[in-house]
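[1] Give me coordinates for this.
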Amino acid sequence: MRYARWDADAVRDDIRAYAVEHLGTEGAVLIVDETGFVKKGRASAGVQRQYTGTAGRIENSQVGVFLAYATSRGRALIDRRLYLPELSWCTDPERRRMAGIPDETEFATKPRLAWEMIAAALDSGAPAPWVTGDEAYGQDPRLRAALEARGTGYVLAVACSTRVRINSGRTPIRADTLAARLPATAWQRHSAGSGAKGPRHYDWAWSHIGTDEHRHLLIRRNRTTGELAFCLCWSPAEVPLAELVRVAGIRWSIEECFQAAKGQVGLDHYQVRNWTSRHRHITLAMLAPAFLTALAADPAPQRPVDPLHPTRGSDPITLTVPEIRHLLAAVLTAPAVTAGRLLHWSHWRRRHQATARRSHYRRRSCWTDHETALEY
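    A predicted model of the protein is given here:
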């Protein structure tokens, strides 16, 4: 993989164009996030002891920053950057040389890497009016300013201690203090999207902040625990609360991309140390799920609009990425059963999955209606 002649960045660009072509719809969202790759030793490019959410603690690991493209038709990873620690790598020429790190590669913070990927996607013509990400990116004012200068809306998570100005006041207040002052009528119930067991309902509130009428603090409240989460939002035009909730809810789909890429195509299953080899492996591991996602999206461009009735009667669910991978693996290897038998089992599995989904959604809907009745 290290000595073959091909350009990983050019293939990355092709993946981005392919995903936009097959998944692109109105309201697309670019999602930035990072994931860790636990490693042994100190020779792998960018490795050091650092916190990684993959392990939930400080581990000897590499950290990659990724960009996903998400629409109503599907989601796929379209770009990647390896975070290169400043002290342990960027200032050590010999270590860089041994790992094959290009001379022009300099230290960049994770939000800076995120902006480079976002700018590249927008420059390529990817239709994406929104960007979202977690606190690591929402807390960076330079990233927010760059998005506003580009005219791209954002819904970025921030800490409860973030200070905001309301009513053109001079003294900023903490986000959680603002949330505590909101009246009960300020909260509205919205779904942040459908999960495995049905719509993910939360209580939401928003408040104008600063002097820009398109700038808001978005607050999410867990209906069971009361836990609060906060997002800074900006849009070039006026949008309703439901649209900000939609974008905030899409942020979690990049975790599904990581899970699928690691579980289905081995995103984290590599034993290479060189900078070029690692980028080539990651790029190919992005290509495979993007291809499978496009296959799953193309036969069924129209998704069910009613989350409580995603399928009707005994119809099976649409083909999923794992199901397509399973079918392709069975076709490309010596089959133990006939093609007819294989397709019959696929139809049977998806039909029963549709039944299970309807049951989960119906039960979740009943609980939601019951809790609403108790409140009133």
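[2] Going by C-alpha atoms from here, please, whenever you check contacts or count neighbours.
    Will do.
[3] ok, residue 179 to residue 354 distance?
    As judged by C-alpha to C-alpha, to the nearest Å, residue 179 and residue 354 stand 39 Å apart.
[4] cool, and residue 80?
    Using C-alpha to C-alpha, residue 80 is found at 34 Å from residue 354.
[5] Next: residue 289.
    Distance of residue 289 to residue 354, given as C-alpha to C-alpha: 23 Å.
[6] Go ahead and confirm residue 187 touches residue 204.
    Yes. The criterion here is C-alpha atoms under 8 Å, and residue 187 meets it with residue 204 at 5.3 Å.
[7] Neighbour count: the two, which is higher?
    More neighbours surround residue 204 than the other of residue 187 and residue 204, with 24 against 16 (other C-alpha atoms under 10 Å).
[8] how about the nearest residue to that one, chain neighbours excluded?
    Among residues not flanking residue 204 along the chain, residue 220 sits closest, at 4.7 Å (C-alpha to C-alpha, 6 or more residues apart in numbering).
[9] That neighbour is in what secondary structure piece?
    Using DSSP states H and E, residue 220 sits in strand 215-221.
[10] Show the average pLDDT along that strand.
    What strand 215-221 shows for mean pLDDT is 96.
[11] What of stretch 33-49?
    What stretch 33-49 shows for mean pLDDT is 94.
[12] same thing with stretch 15-29?
    If you average the pLDDT over stretch 15-29, you get 95.
[13] Keeping just the C-alphas, turn that stretch into CSV.
    What follows is stretch 15-29 as a C-alpha-only set of coordinates in CSV (Å, rounded to 0.1, in the frame of the first residue of the first chain):
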residue,chain,number,x,y,z
ILE,A,15,-15.6,9.8,-3.0
ARG,A,16,-16.9,13.3,-2.1
ALA,A,17,-18.2,13.9,-5.7
TYR,A,18,-19.8,10.4,-5.7
ALA,A,19,-21.5,10.9,-2.4
VAL,A,20,-22.9,14.3,-3.4
GLU,A,21,-24.1,12.9,-6.7
HIS,A,22,-26.0,9.9,-5.2
LEU,A,23,-27.0,11.3,-1.8
GLY,A,24,-27.4,15.0,-2.5
THR,A,25,-30.8,16.6,-1.6
GLU,A,26,-32.0,19.9,-0.2
GLY,A,27,-31.0,20.6,3.3
ALA,A,28,-27.8,18.6,3.3
VAL,A,29,-25.6,18.9,6.4
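[14] Can you name the residues in contact with it?
    Applying C-alpha atoms under 8 Å, 6 or more residues apart in numbering, the external contacts of stretch 15-29 come out as 69-76, 78-79, 121, 126-132, 247, 250, 286-287, 290, 294, 297-298.
[15] which of those are buried?
    69-76, 78-79, 121, 126-132, 247, 250, 286-287, 290, 294, 297 (16 or more other C-alpha atoms under 10 Å).
[16] Cross those against strands and list the overlap.
    69-71, 74-76, 78-79, 130-132 (DSSP state E).
[17] Let me have those residues in TSV, adding pLDDT and distance to residue 163 as columns.
    Shown next, in TSV, are those (pLDDT from 0 to 100; distance: C-alpha to C-alpha, whole Å):
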residue	pLDDT	distance to residue 163
69	98	30
70	96	30
71	95	32
74	93	35
75	94	33
76	96	34
78	98	33
79	98	32
130	98	23
131	98	21
132	98	20
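[18] Okay then, goodbye and thanks.
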